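Peer 1: Starting from these lines, generate the structure:
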Amino acid sequence: MKKIKLQATTTFGLEAVVKREIQNMGFENISGSDGYVEFETDYSGMAKANLRLRSADKVLMVIGRFKAVTFEELFDNTFALEWDELIPKNGNFIITGKSIKSHLSSVPACQSIVEKAIVKKLQTKYDIRRFPKTGAEYTVQAALLKDTVTITLNTSGPSLHKRGYRHGQVIAPLKETMAAALVQLSYWNKERIFLDPCCGSGTIAIEAALIGRNIAPGLSRKFAAESWDFVPKEVWQEERKKAYSDIDYDTELKIYASDINAHAIEIAKVNAENAGVDDCIAFKQIPFNKLELMGDYGVCVTNPPYAERMGELDDVERLYRDMGKLFSKNKTWSAYFITSHEGFEKLYGRKADRKRKLFNGNVKTDYYQYFGERPPKK
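Peer 2: Take a look at the predicted model:
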């Protein structure tokens with residue numbers, strides 16, 4: 001099967017997480033930069049990446065990469081690509097773009113040139129002047145960085161965070177891809193207790209359950225490339241079949257999620273049911289200061305209120321103090337908190353063992369990591 005280059009785009013700070021996922025899937029020639037990880041595979045690998053990547057935003061197919069400092073160079077190099085082998089006569093091709101530190105700085109102008117080049121190339125195969133664009137969607141991106149142009153096709157369609165299970169949400173929800181990354185950045189594994197005491201609509205706990213059960217996050221959705229003529233339909237069928245066969249129904253997960261808001265808990269229960277993991281998450285409405293840790297060597301991963309986004313500052317700071325008090329009682333627990341509050345460590349009462357800068361949407365945050373004692377070896 002034909003070899004292709006794919007680019008998994010990521011939220012800033014999650015490149016290493018996505019790279020590790022790609023390595024674990026067995027893909028080859030992996031490289032990366034800010035905001036993306038590239039790798040080589042075939043069409044089956046395209047389907048596998050879309051179905052199984054947990055923390056990537058989109059999977060783009062790299063069609064070409066070249067230098068361009070003039071519109072003529074942009075047109076000629078785009079025209080030279082194999083559009084006549086990719087886009088059918090009725091293909092709905094949409095051009096997007098971005099330009100950073102490049103001579104060709106006008107994004108609308110670059111998009112127009114790229115579209116003209118694609119139309120001209122398609123006209124060499126299809127003897128028509130206007131293309132109806134009534135068929136499958138082909139979203140082309142022309143990304144210019146320091147005069148290097150990368151032309152891609154979006155194989156995913158809507159962002160991969162749209163798993164399909166979240167039909168209700170609360171204020172300031174966490175994206176599913178970010179939630180999965182937070183879990184993967186922790187020391188949690190399916191043998192240990194998992195806790196999210198500020199669960200909101202349940203996203204972190206649900207993503208932990210999907211990881212624990214080895215459920216591919218994209219099983220309940222469709223992808224743009226499934227409608228493309230040049231991608232064999234059977235690769236999607238085969239990769240879905242493999243993903244279903246890899247699900248672990250036998251391991252008993254110990255996942256607990258709580259929140260002070262009763263309505264949030266009801267939403268979380270519905271979302272967990274939609275995701276097919278309601279049987280392995282115990283939800284409970286309870287304020288944090290009434291919470292007790294259940295067992296030893298557990299892992300807490302949570303997205304508490306920040307005050308900037310929700311909640312009053314005094315309440316938020318009181319919550320952070322309560323968190324420090326609770327986890328100081330049991331040194332075997334590891335705890336992970338994402339927040340934009342720069343005074344978190346002082347309020348928590350302890351400097352984090354590790355801190356990682358992340359962006360939750362457009363909000364600059366830190367991921368504070370507190371490591372508990374290691375479980376005894378079996």
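Peer 1: how much space between the residue lying farthest from the centre of the chain and residue 168?
Peer 2: For the chain, the C-alpha farthest from the mean C-alpha position belongs to residue 127; by CA atoms, centre = their mean, that distance is 41.0 Å. Going from residue 127 to residue 168 by CB to CB, to the nearest Å gives 51 Å. All C-beta spots, glycine's among them, are computed from the backbone N, C-alpha and C.
Peer 1: thinking again about what came up before, which SS state does the residue farthest from the centre of the chain fall under?
Peer 2: At residue 127 the chain is in coil, as set by DSSP: H, G, I helix; E, B strand; the rest coil.
Peer 1: Low-confidence ranges, the stretch 101-250 of the chain, go.
Peer 2: In the predicted model of the stretch 101-250 of the chain, residues 172 satisfy pLDDT under 70.
Peer 1: That one: strands as residue ranges?
Peer 2: 137-145, 148-154, 194-196 (DSSP state E, counting those that start in this stretch).
Peer 1: that older thread, check the gap between the residue farthest from the centre of the chain and residue 89 for me.
Peer 2: Taken as CB to CB, the span from residue 127 to residue 89 is 10 Å.
Peer 1: of the strands of the stretch 101-250 of the chain, which approaches residue 355 most closely?
Peer 2: Nearest to residue 355, of all these, is strand 194-196, at 19.8 Å by CB to CB.
Peer 1: follow-up on the earlier one: which residues touch the residue farthest from the centre of the chain?
Peer 2: With contacts defined as CB atoms under 8 Å, 6 or more residues apart in numbering, residue 127 has no neighbours.
Peer 1: Look up phi and psi at it.
Peer 2: Main-chain dihedrals, residue 127, degrees, to the nearest 10: phi -80, psi 70.
Peer 1: what does residue 86 give?
Peer 2: In terms of degrees, to the nearest 10, the main-chain angles of residue 86 are phi -110, psi -50.
Peer 1: okay, now it: neighbour count?
Peer 2: 21 (other CB atoms under 10 Å).
Peer 1: Give me the spatial nearest neighbour of it, chain neighbours excluded.
Peer 2: Ranked by CB to CB, 6 or more residues apart in numbering and with sequence neighbours excluded, the top spatial neighbour of residue 86 is residue 230, at 5.9 Å.
Peer 1: from what I can see that neighbour touches residue 85, true?
Peer 2: Yes. Contact criterion CB atoms under 8 Å: residue 230 and residue 85 qualify, at 6.6 Å.
Peer 1: For residue 305, report the pLDDT, please.
Peer 2: Listed pLDDT for residue 305 reads 91.
Peer 1: Outline the domain layout of the protein.
Peer 2: What the record gives for the chain is the domain set 4-154, 176-213+253-370, from automatic domain parsing.
Peer 1: and residue 221, which of those is closest to it?
Peer 2: Ranking these by proximity to residue 221 (CB to CB) places domain 4-154 first, at 9.0 Å.
Peer 1: Show the end-to-end separation of the closest one, please.
Peer 2: Taking CA to CA, to the nearest Å, domain 4-154 runs 13 Å from one end to the other.
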